[in-house]
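Participant: Return atomic coordinates for the entry below.
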Amino acid sequence: MSDTPTAEKADVTDGPRPRRLTYAAALAGLEGLALVAGGVWMLVLGLTGSPDDRGQAVTGGVTVIVLALLPLLAARGLLLRKSWSRGPAVITQIMALPVAYNLLQADSIAIPVGIALAVVSIASLVLLVNSATTQALGIKGPGRTS
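Facilitator: Numbers count the residues shown, from 1 in each chain. Take a look at the predicted model:
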């Protein structure tokens, strides 16, 4: 009866976590924390500053803080080797690439931020699709039962 899903799941989490998986979790967590900081900044400016539309500024800040939950939950799942966590982590990186592109189009301090975001997103994607990461999470390809 060692072919049960429970025994198979135990085999996946045995042994040390691959560094690539830890790095991917750290980058996702870093992005989540950056989103929280940006959301709090938007919220504080919306409440204390003089925005054109206070309600829109506050809503934007709250929305960014809520969106930060996706990479933060993905980072936690990656650290705990939960197979579901790779999907949200990949989605976060794919959503970050157009944001990085738009930041690179600006004529301001946003350009270095865009470069950093692009580098982190591409590095995270490479780490997330790596075979060691896939194996550590217990993800099997289509049609593979063993």
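Participant: Where does pLDDT dip in this protein?
Facilitator: Residues of the chain that meet the criterion pLDDT under 70 lie in 1-14, 141-146.
Participant: Where does Ser108 sit: helix, strand or coil?
Facilitator: Secondary structure, DSSP: H, G, I helix; E, B strand; the rest coil: Ser108 is coil.
Participant: Which secondary structure element is home to the spatially closest residue to Thr134 that is not a sequence neighbour?
Facilitator: Excluding the flanking residues, the one nearest Thr134 by CB to CB, 6 or more residues apart in numbering is Arg86, at 7.7 Å. Heads up, the C-betas are built off the backbone N, CA and C, glycines and all. In the assignment (DSSP states H and E), Arg86 maps to helix 86-104.
Participant: Next, the angle from the helix or strand that that helix is followed by to helix 86-104.
Facilitator: Per DSSP H and E, helix 86-104 leads on to helix 110-128 as the next helix or strand towards the C-terminus. In terms of direction (axes from the mean of the first three to the mean of the last three CA atoms, to 10 degrees), helix 110-128 departs from helix 86-104 by 160 degrees.
Participant: rewinding a little: is the residue nearest to Thr134 in contact with Ala75, as I believe?
Facilitator: No: counting by CB atoms under 8 Å, Arg86 stays clear of Ala75, with 11.4 Å between them.
Participant: between the two, which one's more packed in?
Facilitator: Ala75 (24 against 20; other CB atoms under 10 Å).
Participant: The helix or strand where the more buried one lies relative to helix 110-128, how many degrees between them?
Facilitator: In this assignment (DSSP H and E), Ala75 forms part of helix 69-79. Helix 69-79 and helix 110-128 meet at an angle of 40 degrees, taking the same axes, to 10 degrees as the criterion.
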